[in-house]
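> Have a look; sequence and predicted model below, questions after that.
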Amino acid sequence: MKYVSAFFAIAFGLLVLAGYFVPALEPLQALLISWAGILLAVASLIGVFNLITVHGEKIRSREKNSGYSSLLLVSLVLTFLLGLALGPSHPVMQGVVESVILPVEASLMAILSVTLLYAAIRLLRRRVDVMSVIFLLTVLAVLVWSLALPPYGELALFGNTLRPWLTQVLALGGARGILIGVALGALTTGLRVLLAFDRPYGGK
């Protein structure tokens, strides 16, 4: 059975890949991608049901912090019912989503800033070299220059010159390097699956 699943996975993967190079295969490629989208939607539903099951079991067994599980399930049901009643494009629904997503993103960025500073201090304690000092100074500089100093606001040299250069030149270059690494890793993983070196679809 695992050889059959390997055959279909490799065949469909090669057909989708060939659709980018052979125009005649583009309709078949679009069909396979649409099927993959349907499977992804079904997998998302299974994930939601698994989430409900896991947290429902926590509530039933009265585990520690099960109140958060209750809050999660209530929010899930209310958001789902509101989406059915109003539709995803309704302004009220958009406001509900943004009122959750934006604060969560802001909180994550705040946690990331503190974690980055803590990691820099730990790095300096474990290994003191030129790059560690540069890393710590860069983190401190970006954090300080991101603050507005009342009543003067942002300092002109720091806020308008140095911080954009750090964030839009150095940091953007690093982010592009990370994205290139992710792309190469995804390409390598896809090739290993297509060549049957890795078989997540059929066991070992």
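Looks like it came in fine.

> mind showing which ranges of this structure have poor pLDDT?
1-2, 145-161, 163, 196, 198-204 (pLDDT under 70).

> Show me where this structure has its helices.
Here the chain has its helices, by DSSP state H, at 2-18, 26-60, 66-86, 91-126, 130-145, 156-157, 163-165, 171-194.

> any chance of those in TSV, plus mean neighbour count?
Just so you know, the C-beta spots here come from the backbone N, C-alpha and C atoms, and that holds for glycine as well. Compiled in TSV, the helices of the chain are given as follows (neighbours: other Cβ atoms under 10 Å):
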stretch	mean neighbour count
helix 2-18	14
helix 26-60	12
helix 66-86	13
helix 91-126	12
helix 130-145	14
helix 156-157	10
helix 163-165	13
helix 171-194	11
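
> what about the residue nearest to the spatial centre of the chain, distance to Glu98?
With the centre of the chain defined as its mean C-alpha position, the nearest residue by Cα atoms, centre = their mean is Glu105, 11.4 Å away. Distance, Glu105 to Glu98, using Cβ to Cβ, to the nearest Å: 10 Å.

> Check Glu63 too.
Per Cβ to Cβ, Glu63 is found 32 Å from Glu98.

> can you list the domains in the chain?
As assigned by automatic domain parsing, the chain contains the domains 1-86, 87-144, 147-193.

> Could you measure from the residue nearest to the centre of the chain over to Leu117?
Counting by Cβ to Cβ, the gap from Glu105 to Leu117 is 19 Å.
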